[in-house]
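*Asks:* the sequence and its predicted three-dimensional model are supplied below.
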Amino acid sequence: MIADIVFLNGQFLPLADAKISPLDRGFLFADGVYEVIPVYSRQPFRLDEHLRRLQASLDGIRLPNPYSHAQWQARVREMIGHAPFADAQIYLQVTRGADSKRDHAFPTGVAPTVFMFAGPLVTPGESVRTLGVSAVTAVDNRWLRCDLKTLALLANVLLRQQAVDHGCAETILVRDGFVTEGAASNVFLVKNGVLLAPPKSHLMLPGVTYDVVLELAARHGVPTEVRDILADELPEADELWMTSSTKEVLAIATLDGRPVGHGAAAGKPGPLAERMWQWYQQFKNDVMRTGRDD
Ligand code: PDD
């Protein structure tokens, strides 16, 4: 359940009173972008990074940002104040607004629609983390601007549903033989003690959590290679992880029905996943305590 008070076009109001036009281009064309920002103990985590990615997504779809960085910061913080949860996820989206007709080309003189709500942040619990989750692979059939966090998520929805249909948590996407990301997460591999991550490109979302994980790996001396990863490397991996603002760092223990990893460790979260999760928690707590995240 989301919090009762939501933000719509400059106002905080009850969800039941939040109305938008059926001609909104978000509804007709998925013509808009969004962000999901985790909040711990009422403090947003990596807010500036999320707002910078929002700006990049808006630039990518040629939609002027309706608010300055400072205005967004203030509104997100006000939204957190309205939420009944200390740990929350703030969802925000900006669409190209509602015209008086349906025409693919950009309308003129139409104000964007800005919508924001708070939901509870439920990160994976202890039992899920110790067992790890299952995933399937699928062909990444999305468009060529996966770096933009747009509302046009139908391909992601269908791909993620493939996982659910198989009783799995995530779908790992493969384009032209290379691993791109998950349907709603980024992907990391571990091989012979080296953390492997696909490089940022137009084929994947530049995850805020992805950046944190790479920063923590560097800080703790984990050898890392950011390079193209072949799908053929997946069955050879010692560990496989998914990362996102809501899942944090989560080990994938089974892929396409086969255990991830080798020997006695096969089919279980690996040691580096556990260490990275600990570092992530520690980092979060330090940030929340000091307000600094460098
Ligand atoms: N999704 N890739 C995709 C396709 C995603 O949808 C997400 C996150 C990520 C991870 O990004 P980040 O670390 O910044 O959360 C990667 C959010 C959580 C969602 O759509 O709900």
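*Replies:* Noted; the coordinates are in hand.
*Asks:* and the helices in the stretch 101-250 of the chain?
*Replies:* Under the criterion DSSP state H, counting those that start in this stretch, the stretch 101-250 of the chain carries helices at the ranges 126-131, 154-165, 208-219.
*Asks:* so what touches the last one?
*Replies:* Okay, so that is helix 208-219. 46, 49-50, 53, 186, 188, 195, 197, 224, 226, 243-245, 248-249, 276, 279-280, 283 (C-beta atoms under 8 Å, 6 or more residues apart in numbering). The way it works is simple: take the backbone N, C-alpha and C, and place the C-beta from them, glycine included.
*Asks:* of these, grab the buried ones for ChimeraX.
*Replies:* Filtering those down to the buried ones (16 or more other C-beta atoms under 10 Å) takes a single ChimeraX command:
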select :46,49,50,53,186,188,195,197,243,244,245,248,249,276,279,280,283
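*Asks:* so what pairs up with the nearest residue to A163 once chain neighbours are set aside in the strands?
*Replies:* Computed as C-beta to C-beta, 6 or more residues apart in numbering, the closest residue to A163 that is not its neighbour in sequence is T171, at 4.4 Å. T171 has the following beta-bridge partners by DSSP bridges: V136.
*Asks:* list the contacts for L51?
*Replies:* Residues counted as contacts of L51 (C-beta under 8 Å, 6+ apart) are 35, 69, 72-73.
*Asks:* and the gap between it and R227?
*Replies:* 29 Å (C-beta to C-beta, to the nearest Å).
*Asks:* one more: P38?
*Replies:* Per C-beta to C-beta, P38 is found 28 Å from R227.
*Asks:* those two - which one has more neighbours?
*Replies:* Higher neighbour count among P38 and R227: P38, with 23 against 9, using other C-beta atoms under 10 Å.
*Asks:* would you agree that one falls within a helix?
*Replies:* No: the assignment for P38, made by DSSP: H, G, I helix; E, B strand; the rest coil, is strand rather than a helix.
*Asks:* for L240, which non-adjacent residue is closest in space?
*Replies:* Spatial nearest neighbour of L240, excluding adjacent residues (C-beta to C-beta, 6+ apart): I252 at 4.3 Å.
*Asks:* so what sits opposite that neighbour in the bridge?
*Replies:* Per DSSP bridges, the residues bridged to I252 are V133.
*Asks:* that one and V136 touch, don't they?
*Replies:* No: between I252 and V136 there is no contact under C-beta atoms under 8 Å: 10.1 Å.
*Asks:* list the residues that contact both of the two?
*Replies:* Residues touching both I252 and V136 (C-beta under 8 Å, 6+ apart): I172.
*Asks:* between those two, which one's more packed in?
*Replies:* Using other C-beta under 10 Å, the more surrounded residue of I252 and V136 is I252, with 27 against 21.
*Asks:* got the contact list for the more buried one?
*Replies:* By C-beta under 8 Å, 6+ apart, the neighbours of I252 are 132-135, 169-170, 172, 240-242, 260.
*Asks:* try it again at 6 Å.
*Replies:* 133, 135, 240, 242, 260 (C-beta atoms under 6 Å, 6 or more residues apart in numbering).
*Asks:* can you pull the contacts of F117?
*Replies:* So F117 contacts 2, 6, 91 (C-beta under 6 Å, 6+ apart).
*Asks:* out of these, list just those in strands.
*Replies:* Counting by DSSP state E, the contacts of F117 place 6, 91 in strands.
*Asks:* any idea how far the one residue in the stretch 1-150 of the chain that gets nearest to the ligand is from W279?
*Replies:* Across the stretch 1-150 of the chain, no residue is closer to the ligand than V36, which sits at 4.1 Å (C-beta to the nearest ligand atom). Going from V36 to W279 by C-beta to C-beta gives 22 Å.
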